[in-house]
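> this one's structure only:
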């Protein structure tokens, strides 16, 4: 079951060694459950995650009471903390608090993940509790109604954060009707309309052994984790027969990795709200996660807005003092992506800042990047990745995303080889491709102050 | 220079060993500079910080153009990134970006810190660049004016964050005229009025060898760091003679660790602003950093609002669905502190949430905590501290704070011994003491919606 293989690792192989020591291992259980571990020598803690490839994009925009309606994946994630056949919500909270562990979950557009970071001696406990949450939740009706109000508060809190609002709206503007363009949490009307039965059905349909990936990194022994996971899941079959580990299934197919057709949802969105700053975002459709140009995109993103020496930071903040916060970002999903630029500034500067964002984007396509910028970006990626991989959480996430995503595992050395092979011509060509795509802009703030809205519109009218 | 000593370590001793290996070392250079390191076996990166015991509390509330006027410490922190005699702002940014390091600074109420986290091979570079920033900045007039606008944007961004606003206002309400009650960044009028000469003078007065603490943790060799720091600082004396390492000085005295008299600034503050949520904070004067009861305070804070099993989380979120975010917090400074409770909720729930916050605070004083809660809180502290100390940044900060603060270094085992000695009677007695102190409340949001302001006032009127 354990053999050294070449990199990048096709995850249909089972494990591989680094320096003679087997550090990454993968087991596909006959039930369809996949278990991946990465051992980190010398580390005394571990991060464990249970991943299901179900996210907001998999929801259906039909009646809010139906199974998998908008926001129900995130709603379900909350509900799994509210109690199982053998544990109350308080029991679950105490399990991790009593050992000082970090315990949380995240719902994304293409997956849901329940995770914990604990000391090595608490890993078995974490495995048992998370397995129970994922497979044994009861979703009590009264708890359902209480949690609905918590989620409505969470949505209200996000709505009070102007940068958050800009980001959500940009996603919809760029990706249009594509399901990835929707906000992860639904909205107050879909959450208000959601029913216990609809969310319960979503749970029973999606949380299946063939969908489950368990990943752990740090102080973890692969074989011990495999047997503990299998035992904990078997336990769940008392209440949910599909979880019997003696049933045989194949892992669910990965998502299609072909770029979808994207039709822009809006070229320009204004969100009028009081506040001292204007939050401004520009974006275009980006690359999919498996795009061979993703390494060039990493370079491009760093050069434009990925650090204090980046073009946006230097031009907008250092030279001209127009904003405190400015950056670029690149999100990549299985069949769509998004590349964007952000700055937050006072209303009287909004027109100028919009002009600079627009110009930096088009300058990149016209002039490309310098050899110095290319070399620095490579160094930045090498260093920041090495630092990030000191944390078991980063490694755990890399394992699971590889398995749920493209099915190919890249270790750091191989990733850096791919990045080192990127040329400045490739980056410029990518920038030209991005600049040719439909641009969207979102502006959030007090748009009448200093004619901010009008000035931004004027600055961008030829570009949109 | 290296000897094993008992714990807790009085930092006037020079170093100590753990398990036969010297892991923490401290050198007091004849110039007054203190250099502390903690070696972490097996780690391939390091975090380095240059600390100066100057914070917003040390500023003077006189004319904005004068040295050390309000907000000038934070202003100065920004300016040190803007160029030295031998490095431009871009050079500084590139130094760290090119190696993928994290590089930032923080201005707090009692200190300023410039830090970087880098791979082991980049530590010498980081030492040189940060030393140059701290001792060789030119503070160019044009850069000064540009950076002023960046800071005004930073203040505007914070002002758009309602929880941030509540927190700043609570500090002033609880601590009144005490300098610790002021916001760290000043305000738009003090920043607008600040002059290059005033900030320059603040720099020259405060950034002196006798004030400097350099701390590093991770993959660091003590003797190498000491010689590199001394060499880099000596270099600065070409432009600033005080930095000659051949001058002899004693380290500046630590701040007085005696509780100051506190007069409440306000019992109740309303900040009217549009938004979907009401942000509510209650607070009282807390403990000073060196208070023997600080271990009991850690327990108290965890039990009330320090995790998913805490009383606030359980009562406000889990049982009643009143809020998404709720917690308690305890800040401790040399001569004052603050203990507070927070929740963000919809306007129609604001009165009820205020009542629950008030009741949980008084219930703690009346009934104390259970043995179960005490035991769990101890476990939580032990686990979360162990996890936090896996990061070199946590260890670097612990070294410097010990030296700048009480002068006593506690390692984790000793801290946990102190926490384990806390009794539930001590926690209740502390809760009674806190409950007897003048309570302040701050409420930020759309106060007319659902009569939120009136309902909060009613809920709290007997308590304030």
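That came in fine, so what should we check first? All values reported here derive from a predicted model rather than from experimental measurement.
> and the residue in the stretch 301-450 of chain A that chain B sits nearest to, what element?
In the stretch 301-450 of chain A, the residue that lies nearest chain B is residue A:383 (2.1 Å; Cβ to the nearest Cβ). Where you see a C-beta, it was placed from the backbone N, CA and C, and this is true even at glycine. For residue A:383, the element it lies in under DSSP states H and E is helix A:371-388.
> Quickly check: the helix or strand just after that helix near chain B or not.
Next in sequence after helix A:371-388, counting helices and strands by DSSP H and E, comes helix A:392-404. No - if you take Cβ under 8 Å from any Cβ of the partner chain as the test, helix A:392-404 misses chain B, and the best it gets is 8.9 Å.
> got a list of contacts for helix A:392-404?
Contact with helix A:392-404 is made by A:11, A:24, A:26, A:34, A:36-38, A:40, A:43, A:45-49, A:51, A:53, A:110-111, A:113, A:115, A:117, A:213, A:215-218, A:254, A:388-389, A:408-410, as judged by Cβ atoms under 8 Å, 6 or more residues apart in numbering or on different chains.
> Go again with 7 Å.
With Cβ atoms under 7 Å, 6 or more residues apart in numbering or on different chains as the test, helix A:392-404 has contacts from A:11, A:34, A:36, A:38, A:40, A:43, A:45-49, A:51, A:53, A:111, A:113, A:117, A:213, A:215-218, A:388-389, A:408-409.
> Check stretch A:353-360 too.
Contacts of stretch A:353-360 (Cβ under 7 Å, 6+ apart): A:280, A:282, A:304, A:311-312, A:315-316, A:322-323, A:341, A:343, A:345, A:456, A:459-460, A:463.
> near chain B, from those?
Restricting the contacts of stretch A:353-360 to those within reach of chain B (Cβ under 7 Å from any Cβ of the partner chain) leaves A:323, A:345.
> Which of the contacts of stretch A:353-360 fall within strands?
Mapping the contacts of stretch A:353-360 onto strands (DSSP state E) picks out A:280, A:282, A:341, A:343, A:345.
> Can you pull the domain assignment for chain A?
A:5-237, A:268-460 (the TED database).
> Flag every residue of the stretch 101-250 of chain A that's near chain B.
A:101, A:117, A:119, A:146-147, A:149-150, A:153-154, A:156-157, A:159-160, A:162.
> could you point out which element follows the helix or strand of chain A with the lowest mean pLDDT?
Here the helix or strand of chain A ranked lowest by mean pLDDT, DSSP states H and E is strand A:15-18, holding a mean of 58. Using DSSP H and E, the helix or strand that follows strand A:15-18 towards the C-terminus is strand A:21-28.
> who's in contact with the helix or strand following that following strand?
Where DSSP H and E defines the elements, the next helix or strand beyond strand A:21-28 is strand A:34-39. For strand A:34-39, contacts defined as Cβ under 7 Å, 6+ apart pick out A:23-29, A:213-217, A:220, A:222, A:225-226, A:229, A:251, A:395, A:399-400, A:403.
> how does it look with 6 Å?
Residues from elsewhere that reach strand A:34-39, judged by Cβ atoms under 6 Å, 6 or more residues apart in numbering or on different chains: A:23-28, A:213-217, A:220, A:222, A:225-226, A:229, A:251, A:395, A:399, A:403.
> Could you pick out the buried ones from those?
Burial by neighbour count, judged by 16 or more other Cβ atoms under 10 Å in any protein chain shown, picks out A:23-28, A:213-217, A:220, A:222, A:225-226, A:229, A:251, A:395, A:399, A:403 from the contacts of strand A:34-39.
> can you give me the strands in the stretch 151-300 of chain A?
With DSSP state E, counting those that start in this stretch as the criterion, the stretch 151-300 of chain A has strands at A:213-218, A:268-272, A:278-285.
> Of the domains of chain A, which is nearest residue B:442?
Smallest distance to residue B:442 across those (Cβ to Cβ): 16.1 Å, for domain A:5-237.
> looking at it, residue A:318 is touching residue B:89, isn't it?
Yes - using Cβ atoms under 6 Å, residue A:318 makes contact with residue B:89 at a distance of 5.4 Å.
> how deep is the closest residue to the residue of the stretch 301-450 of chain A closest to chain B other than its chain neighbours tucked in, by neighbour count?
In this structure, residue A:383 finds its nearest non-sequential neighbour in residue B:100, 2.1 Å apart by Cβ to Cβ, 6 or more residues apart in numbering or on different chains. Using other Cβ atoms under 10 Å in any protein chain shown, residue B:100 has 25 other residues around it.
> Three-state assignment for residue A:57, please.
Taken by DSSP: H, G, I helix; E, B strand; the rest coil, the conformation at residue A:57 corresponds to helix.
> For it, give me its contacts.
Residue A:57 sits next to A:109, A:110, A:179, A:180 when contact means Cβ under 6 Å, 6+ apart.
> Okay, the nearest residue to the third one once chain neighbours are set aside and residue A:259: tell me how far apart.
The shortest distance from residue A:179 to any residue other than its chain neighbours is 4.0 Å, reached at residue A:57 (Cβ to Cβ, 6+ apart). Spatial separation of residue A:57 from residue A:259 under the definition Cβ to Cβ, to the nearest Å is 15 Å.
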